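Asker: The sequence and its predicted three-dimensional model are supplied below.
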Amino acid sequence: MIHIEHVSKKYKKADNYSLSDLSLFIDEKEIFGLLGPNGAGKTTLISILCSLIKPTSGSFSIKGLTYKEHKNQLKQLIGIVPQEYALYPSLTAFENLKYFGSMYGLKGKSLDEKIHNSLDHLGLVKFAHKKIDTFSGGMKRRVNLIASILHNPKVLFLDEPTVGVDVQSKNVIIEFLQELNKNGTTIIYTSHHLNEAETFCTRVAIIDHGKLIVKGKPKELINNNPGAHNLEDVFISLTGKALRDHA
Ligand SMILES: Nc1ncnc2c1ncn2[C@@H]1O[C@H](COP(=O)(O)OP(=O)(O)OP(=O)(O)O)[C@@H](O)[C@H]1O
């Protein structure tokens, strides 16, 4: 479904490559976790796959389609949940979602119903007509998620969807994503929550310094790393304990 071949990325004026010769195949209906320390290249990879930025070299396709040749088809096929909220604070949740739906050509009763059902699913229906600037971080993240799935994408990319939210919001988000996956959506997400990834993902890839370090099913990675009891042990054994601060 997603073929990534020898993708590298060097940002303008950057000294180093943020991604280096990365190849990966993600199958249909997977829940695939991109894991790695700060600055590993996770957001860069997701941004390339969503066509927000271009790779310096290498290529990729999604369901055999490339942005060069099938831009409009891919726009309908994928959904993107960015790290930052992309919502209008002075509009209500419903108004925001009507706007995002209209960007995909959706309108009328079917759009209203989809919005209502999604808000209901994510515990937000009673806040539908409240302005976004009154929402907590966890509520905004849930609205952001709905905005990205109104057009029923077959592939959903999420950049740290559960960062900075409480356990309740996190559980509702994860359950919602599992439901989407059951109904046929392939999910690719980045996370620092290794416990979450261990149970949520069918497979994960650990990236460090822009390179693919290892990929596989969480259980297999744990079993293949002597002394590892969980994914965090695997992560630390492969990426080390050193801090990744830089400015
Ligand atoms: N626009 C940019 N210009 C120059 N360098 C960038 C730019 N965006 C990211 N980088 C660099 O690319 C590397 C990878 O960054 P990226 O944001 O992809 O990592 P990440 O794994 O998503 O990190 P985090 O977990 O902190 O979100 C980092 O060294 C970062 O400083």
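Answerer: Right, received. Where do you want to start? Residues are numbered from 1 along each chain as shown.
Asker: Where does the prediction get shaky in this protein?
Answerer: 245-247 (pLDDT under 70).
Asker: in it, which spans are helices?
Answerer: Per DSSP state H, the chain carries helices over the ranges 42-49, 67-77, 93-103, 108-121, 137-149, 167-182, 194-200, 218-224, 231-239.
Asker: Among those helices, which comes closest to the ligand?
Answerer: helix 42-49 (3.2 Å; CB to the nearest ligand atom). C-beta: built from backbone N, CA, C; applies to glycine.
Asker: Tabulate the helices of the chain (CSV), appending mean neighbour count and distance to Ile207.
Answerer: Converted to CSV, the helices of the chain look like this (neighbours: other CB atoms under 10 Å; distance: least, CB to CB, whole Å):
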stretch, mean neighbour count, distance to Ile207
helix 42-49, 23, 6
helix 67-77, 14, 22
helix 93-103, 19, 30
helix 108-121, 15, 31
helix 137-149, 21, 23
helix 167-182, 16, 21
helix 194-200, 17, 13
helix 218-224, 15, 14
helix 231-239, 19, 9
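Asker: Would you format the ones you listed as a markdown table with distance to His209 included?
Answerer: Shown next, in a markdown table, are those (distance: least, CB to CB, whole Å):
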| stretch | distance to His209 |
| --- | --- |
| helix 42-49 | 12 |
| helix 67-77 | 26 |
| helix 93-103 | 35 |
| helix 108-121 | 38 |
| helix 137-149 | 29 |
| helix 167-182 | 28 |
| helix 194-200 | 18 |
| helix 218-224 | 19 |
| helix 231-239 | 9 |
